[in-house]
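Colleague: here is my input; please provide its structure:
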Amino acid sequence: MQDLFSVKGKVALITGGGRGIGQMIAEGFVSAGARTYIAGRKAETLDETAKELASQGEVIPIAADLSTESGCRGLAEEIAKREQRLDVLVNNAGATWGAPLNDYPDSAFDRCWDLNVRGVFHLTRFLLPLLEKAASPETPARVINIGSIDGIRVPAVENYAYAASKAAVHQLTRVLARKLAPSRITVNAIAPGPFDTKMMHETIERFGGAIRAGCPMGRIGEPGDLAGTAIFLASRAGSYITGAVIPVDGGISTDHE
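Modeller: Model (predicted):
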């Protein structure tokens, strides 16, 4: 049973791994014995996180701007210099933007689309050679995209570009899953609900009681909820799952009223 859920010895890359959801997932992989790369735009944030996690296992920070095609290509090339294969890619780096409808700027769509959707697409395709080297019929390589329940249901806040981009991530996940299955690469998405990240902290501070009351399970998500789901998808236990979008939200997305 331990082997069924093991990621020990795997090579993983987690984008946006310096903080928030990415850091939660990275900590899970590091502590579970995977050699874990974390990537993001701010080198100092990555370095701080790498120092925090170093006592638990092997973690390597690499700064990269994943909102551009050249930045994604550069990260893929850097990983290829260091590794012969890549077992797990977690596309987590993302951006959000909230504003009233009449004031919503066009730049918000550029920002969210470039990082949340184009970044996922470009980095995945540039890393395909390393993913293919890790893949076998018994042990497929894994791509795990981080979507959002805001891409499943209508969000309470006015984050038009973010919600649309995360719905696109979910559909891109399905399309890539179908395309890459013959190459023995699975592609799945996790759609988180509310977690106490830097992006969500102010909202939880102000509306935490209402968020908990609106959650069927009555709580905010914990780091282990996300790390556990990602490790499941990356382990032998998740090797026959592809094209799935898994809400990790305490049941919030079951309410479609």
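Colleague: ok, now how distant is the closest residue to Ser31 other than its chain neighbours from His170?
Modeller: Distances taken as Cβ to Cβ, 6 or more residues apart in numbering put Gln56 closest to Ser31, at 4.5 Å, once the chain neighbours are dropped. Using the backbone N, CA and C atoms, a C-beta is placed for each residue, glycine as well. From Gln56 across to His170, the span is 31 Å (Cβ to Cβ, to the nearest Å).
Colleague: equivalent analysis for Thr254, please.
Modeller: Here Thr254 is placed at a distance of 16 Å from His170 (Cβ to Cβ).
Colleague: neighbour count: those two, which is higher?
Modeller: The neighbour comparison of Thr254 against His170 (other Cβ atoms under 10 Å) goes to His170, with 17 against 11.
Colleague: now do the SS call for the more buried one.
Modeller: Going by DSSP: H, G, I helix; E, B strand; the rest coil, the secondary structure assigned to His170 is helix.
Colleague: would you confirm that it contacts Asp150?
Modeller: No. Applying Cβ atoms under 8 Å as the test, His170 and Asp150 come out as separate, 10.6 Å apart.
Colleague: which residues of the stretch 151-257 of the chain score low on pLDDT?
Modeller: 199, 201, 256-257 (pLDDT under 70).
Colleague: how about the strands in it?
Modeller: Taking DSSP state E, counting those that start in this stretch, the strands of the stretch 151-257 of the chain run over residues 185-192, 245-248.
Colleague: tell me what the first one is packed against?
Modeller: Okay, so that is strand 185-192. For strand 185-192, the elements it packs on are helix 128-134, strand 141-146, helix 160-180, helix 223-234, strand 245-248, judged by 3 or more Cβ pairs under 8 Å, 6 or more residues apart in numbering; DSSP states H and E.
Colleague: what sits against the nearest residue to Gly40 once chain neighbours are set aside?
Modeller: Once flanking residues are discounted, Gly40 sits nearest to Gly18: 4.5 Å by Cβ to Cβ, 6+ apart. With Cβ atoms under 8 Å, 6 or more residues apart in numbering as the criterion, the residues that contact Gly18 are Ile38, Gly40, Lys42, Thr45, Leu46, Glu48, Thr49, Pro61.
Colleague: same check on Ala32?
Modeller: Ala32 makes contact with Ser6, Val7, Lys8, Gly57, Ile231, according to Cβ under 8 Å, 6+ apart.
Colleague: straight-line length of stretch 94-105, end to end?
Modeller: End-to-end distance of stretch 94-105 (Cα to Cα, to the nearest Å): 18 Å.
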